Each structure stands twice: as C-alpha cells, then as structure tokens.
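Asks: Generate coordinates for the sequence data below:
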Amino acid sequence: MPKIAEIEPTPNPNAMKFILRDPLTWGVSRSYDNAEAAKDDPLASKLFDIEHVTSVFYVDHWITVTQDGKADWQELMRRLALPIREAPAADAASAQYAQQAASGAAVESLSDADKERLDRINQILDDQVRPYLQGDGGDLYIVGIDGNRVMVHYQGACGGCPSAISGTLAGIESLLRQIEPDVEVVAV
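Replies: Numbers count the residues shown, from 1 in each chain. Next up, the predicted model:
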C-alpha cells in the first residue's frame, strides 16, 4: 500500500500530483480520460467514483488526478487519499512484462524507417521533454507517425493544460525539426 509522501500543485490549476513512497507501477503508465476507460483498473475506477474527477494518470511513484474545476481541492484531496493509500504497490516482474508487450504492439505496424524515426524522436523526448512534463504531473506519448506528421497525446496534468497544448507543442516541434526539418507535431 503506497504512502503519500507529498502533494504538489501542477501548472494546470485543475490537477494535483501525489508523490508516493511506494510505486504503483514500474515504468508502465496508466492514463484514463473517463470512468469507462478506467473500468478495468481498480485504483482509477475508485478515483472516478469520486465526484468531480475527470482524469487519472499514474506511473511509478506518482499519480496525477484532474478535476472539473468545481471542487474544493482541500476536500477533494482528502477523498482521493483513501483509494490511493489502499492501492497495492507494484509488482516489478508483471510490470516489466506488460511494458514489453505494450511497446512491441505499438511499433509492429511501422516500417523499418519509421521505427528508426520513432526511436530518434523518443530519445529526444526522453532527454529533453518528458522529465519536465513528468515533473509537472504529466507526460506524453507518440500515438503515430503519418508522413511528416507526428501525433502525440498528452497525459495527466498536461492533458487539459493550455500551456501544454500551445507552448510545449511548439517547443517539441522545434526540437524535432533539428533532426527532421519538415516535421509537424500534432496533439490528439
């Protein structure tokens, strides 16, 4: 059962980041934008059962919960703390298997050239973008590559944050244009 070490606000005023002493996963992120998507995840389902919760994102030692802007954060955080504390800690072996299965399925349909592009793009994102997004309670992943278009999806606090959709997206496109001058980055 993870213990909450700290609770931090994020740049998104409707999202809070809970930092945990014990991991919920080992490198496998879970992101849900509604209760229906979270129905098979016991922790996320319990969080969506709490009024005003609109998204849940977690990985390793932290979880970000976004609300609709209508709840008092102090009251909502007290209600969110119980299911977070009751969640089981991660099992490293099963998490590693799940991560390998998920990453393999995502790239199977890409050409060899696009797989290489994806690796280069992910390396830049891993080095220069994701640490900052994760520090703010969010993340992003590449949904697909279609010609010169790279489609990304924001998770956690970044999902509903205006600065992620505008400023961060432009910054990512600028970074990627260093290796692919004609690339266009689109949030989906």
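
Asks: Do you know the pLDDT at Y97?
Replies: For Y97, the model assigns a pLDDT of 45.

Asks: same deal with the one 5 residues further on?
Replies: Predicted confidence (pLDDT) for A102: 47.

Asks: try T54
Replies: 97.

Asks: Just give the number of residues close to it.
Replies: T54 has 19 neighbouring residues, counting by other CB atoms under 10 Å. Bear in mind the C-beta positions are built from the backbone N, C-alpha and C, glycine included.

Asks: helices and strands of this structure: which one bottoms out on pLDDT?
Replies: Across the helices and strands of the chain, mean pLDDT, DSSP states H and E gives its lowest value to helix 92-107, namely a mean of 48.

Asks: List the buried residues in the helix or strand following that one.
Replies: Using DSSP states H and E, the helix or strand that follows helix 92-107 in sequence is helix 112-128. If you call a residue buried by 16 or more other CB atoms under 10 Å, then helix 112-128 has these buried ones: 114, 117-118, 121, 125.

Asks: can I get the CA coordinates of helix 112-128 in CSV?
Replies: C-alpha atoms of helix 112-128 as CSV (Å, rounded to 0.1, in the frame of the first residue of the first chain):
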residue,chain,number,x,y,z
ASP,A,112,11.7,-0.1,-40.5
ALA,A,113,12.4,3.5,-41.5
ASP,A,114,9.6,4.8,-39.3
LYS,A,115,10.7,2.6,-36.4
GLU,A,116,14.1,4.3,-36.6
ARG,A,117,12.5,7.7,-36.7
LEU,A,118,10.3,6.8,-33.7
ASP,A,119,13.5,5.7,-31.8
ARG,A,120,15.2,9.1,-32.6
ILE,A,121,12.1,11.1,-31.7
ASN,A,122,11.6,9.2,-28.4
GLN,A,123,15.2,9.7,-27.5
ILE,A,124,14.9,13.5,-27.8
LEU,A,125,11.6,13.4,-25.9
ASP,A,126,13.1,11.2,-23.2
ASP,A,127,16.1,13.5,-22.8
GLN,A,128,14.6,17.0,-23.2
